[in-house]
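**Q** here is my input; please provide its structure:
(one chain, ligands or ions: 1)
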Amino acid sequence: VSGNPHAEQIPRYVRVNTTMWSLEDAIEYLISQGYTLGTHESKKSFEKDAHIPNLLLFPAQTEFHHDAAYKSGKLILQDKASCFPAVVLAPPARKDAVVIDATAAPGNKTTHLSALMRNMGKLYAFERDRKRFGTLLTMLSRAGCKNVEPINTDFLNVDPLDPKYANVTHILLDPSCSGSGIVNRLDYLIETEDNSDEAQEGRLNKLASFQLMIKHAMKFPKGARIVYSTCSIHAVENERVVRAALLSDEAKAGPFHLAPRKDVLPTWHRRGMPEEMDASDDALSVIRCSPGEDATNGFFVSCFVRCADQASTSN
Ligand code: SAM
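**A** A predicted model of the protein is given here:
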């Protein structure tokens, strides 16, 4: 994207929507369209991602908007870092699975969760904004998701003790953030580096609302695994939120702690900022992606687990 040198270093990432077809069928289709499976560095070629199953890399300039498989929802354009949260949450693929995507629109991660659940069980997808909810509905229908119940409401107004949610075990929280990790949105970078009193206050309010959301997720009686992610590079929206959530009454009541590194994409090299966490192990438990260094947008992923259930939910 013009003006930002990082954008050119990011390959075109394409997630194969395994709800509709297999990785093998997708590769066969792409080869029939003139692509070669090899390296993403030469024109009309692609490769498999090293960390995320069913994710393919193409040269950055590759255009998919006219591609039949893209138009029918079989291929989803989704940055690699944005695929981390659903993979880390690792929702069960079972008829009795019950999962929540608390902040769902436009639906990239909802469709990814649905695919990982193999379209089974129930995935409640909350979105408070009416217009964005419409986009979510379009995306769910195009991606063939049958196990999703989209609900146009604020997740914070959902009663964790409602019998409807009694069997929820996995929750994804991917709230609105500064967007400072998105390399083609320089305006956000400028906005979040504003140090006026007004900007500081806005940041603190946001921080409080993120914490509230994690604490709310911790109240679901069978909640065992909660992923909190942002596309921000700022510790104030990431490590500091996690640190405060760990000290909350809700975390103590769970009890919830951070999943160990071995359960949170252990092969991914970039972890959290140790100087922003209380324990150095906590920094290793969380993931960061750095724009310009990791061939992705900037991103942060953390995963809270209820202690007693950790063994049965690790991915
Ligand atoms: N996970 C989405 C994806 O991968 O496509 C992106 C989510 S976007 C970063 C955050 C979304 O959460 C926005 O659409 C916003 O309207 C919604 N949102 C923010 N706070 C919410 C809340 N308390 N309840 C429900 N939706 C919320």
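
**Q** can you pull out the strands in the chain?
**A** Using DSSP state E, the strands of the chain run over 12-16, 36-37, 45-48, 55-58, 75-77, 98-101, 122-126, 148-151, 170-173, 225-230, 256-258, 287-289, 299-306.

**Q** want to try CSV for these, with mean pLDDT, mean neighbour count and distance to the ligand as columns?
**A** To be clear about C-beta, it is placed using only N, CA and C from the backbone, and glycine gets the same treatment. Below are the strands of the chain laid out as CSV (pLDDT from 0 to 100; neighbours: other Cβ atoms under 10 Å; distance: least, Cβ to the nearest ligand atom, whole Å):
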stretch, mean pLDDT, mean neighbour count, distance to the ligand
strand 12-16, 97, 23, 11
strand 36-37, 96, 12, 27
strand 45-48, 96, 18, 22
strand 55-58, 97, 22, 14
strand 75-77, 97, 21, 10
strand 98-101, 98, 27, 7
strand 122-126, 98, 24, 5
strand 148-151, 98, 19, 9
strand 170-173, 98, 26, 7
strand 225-230, 97, 26, 8
strand 256-258, 97, 22, 19
strand 287-289, 98, 24, 14
strand 299-306, 98, 26, 11
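
**Q** so what's the residue of the chain found nearest the ligand up against?
**A** Nearest residue of the chain to the ligand: T103, at 3.0 Å (Cβ to the nearest ligand atom). Contacts for T103 (Cβ atoms under 8 Å, 6 or more residues apart in numbering) come out as F126, E127, R128, F155, L173, D174, P175, S176, M213.

**Q** which residue packs closest to the last one, ignoring adjacent ones?
**A** When you say that, I think you mean M213. Spatial nearest neighbour of M213, chain neighbours left out: L173 (5.4 Å); criterion: Cβ to Cβ, 6 or more residues apart in numbering.

**Q** in contact with the one you found, which residues?
**A** Taking Cβ under 8 Å, 6+ apart as the contact definition, L173 lies against A102, T103, M213, I214, A217, I226, V227, Y228, S229.

**Q** still on that earlier bit, can you pick the most crowded of the contacts of T103?
**A** Highest neighbour count within those: E127, with 26 neighbours (other Cβ atoms under 10 Å).

**Q** per-residue pLDDT, that one?
**A** pLDDT for E127: 98.

**Q** show me what contacts R240?
**A** L207, E276.

**Q** can we see that at 10 Å?
**A** For R240, the contact set (Cβ atoms under 10 Å, 6 or more residues apart in numbering) comprises L207, F210, Q211, H234, M273, E276, M277.

**Q** equivalent analysis for N152, please.
**A** Shown in contact with N152 (Cβ under 10 Å, 6+ apart): A105, A125, F126, E127, R128, D129, R130, R132, F133, G134, L136, L137.

**Q** in this protein, which residue is closest to the centre?
**A** Compute the mean C-alpha point of the chain, and by Cα atoms, centre = their mean the closest residue is P85, 3.4 Å away.

**Q** quick check: it touching D79?
**A** No: if you go by Cβ atoms under 10 Å, P85 and D79 don't touch, sitting 11.6 Å apart.

**Q** farthest-apart pair in the contacts of R240, please.
**A** Q211 and M273 (17.8 Å; Cβ to Cβ).

**Q** so the two - more neighbours on which side?
**A** Q211 (20 against 14).

**Q** hmm, L156 and the more buried one touching each other?
**A** No: in this structure Q211 lies outside contact range of L156 using Cβ under 10 Å: 11.7 Å.

**Q** quick one on the thing from earlier: by neighbours, which of the contacts of R240 wins?
**A** F210 (25 neighbours).

**Q** what about the nearest residue to that one once chain neighbours are set aside, how many neighbours?
**A** In space, and not counting its chain neighbours, F210 is closest to V241: 4.6 Å by Cβ to Cβ, 6+ apart. Number of residues near V241 (other Cβ under 10 Å) recorded here: 26.

**Q** find me the pLDDT at V241, would you?
**A** If you check V241, the pLDDT there is 94.

**Q** show me the contacts for it.
**A** The contact partners of V241, taken as Cβ under 10 Å, 6+ apart, are 175, 177, 206-211, 213-214, 228, 230, 232, 235, 300, 302.

**Q** over to I31?
**A** Here I31 is in contact with L37, F46 (criterion: Cβ under 10 Å, 6+ apart).

**Q** mind checking pLDDT for it?
**A** 97.

**Q** what of E41?
**A** For E41, pLDDT reads 78.

**Q** chain neighbours aside, what residue packs nearest to it?
**A** Residue nearest to E41 in three dimensions, not counting chain neighbours: P59, with 6.8 Å by Cβ to Cβ, 6+ apart.

**Q** that neighbour - how many residues pack around it?
**A** With other Cβ under 10 Å as criterion, P59 counts 15.

**Q** before we move on, what about the one 5 residues further on?
**A** In terms of burial, F64 registers 14 neighbours under the definition other Cβ under 10 Å.

**Q** my guess is it meets L75, correct?
**A** Yes: F64 lies in contact with L75 (Cβ under 10 Å); the separation is 6.6 Å.
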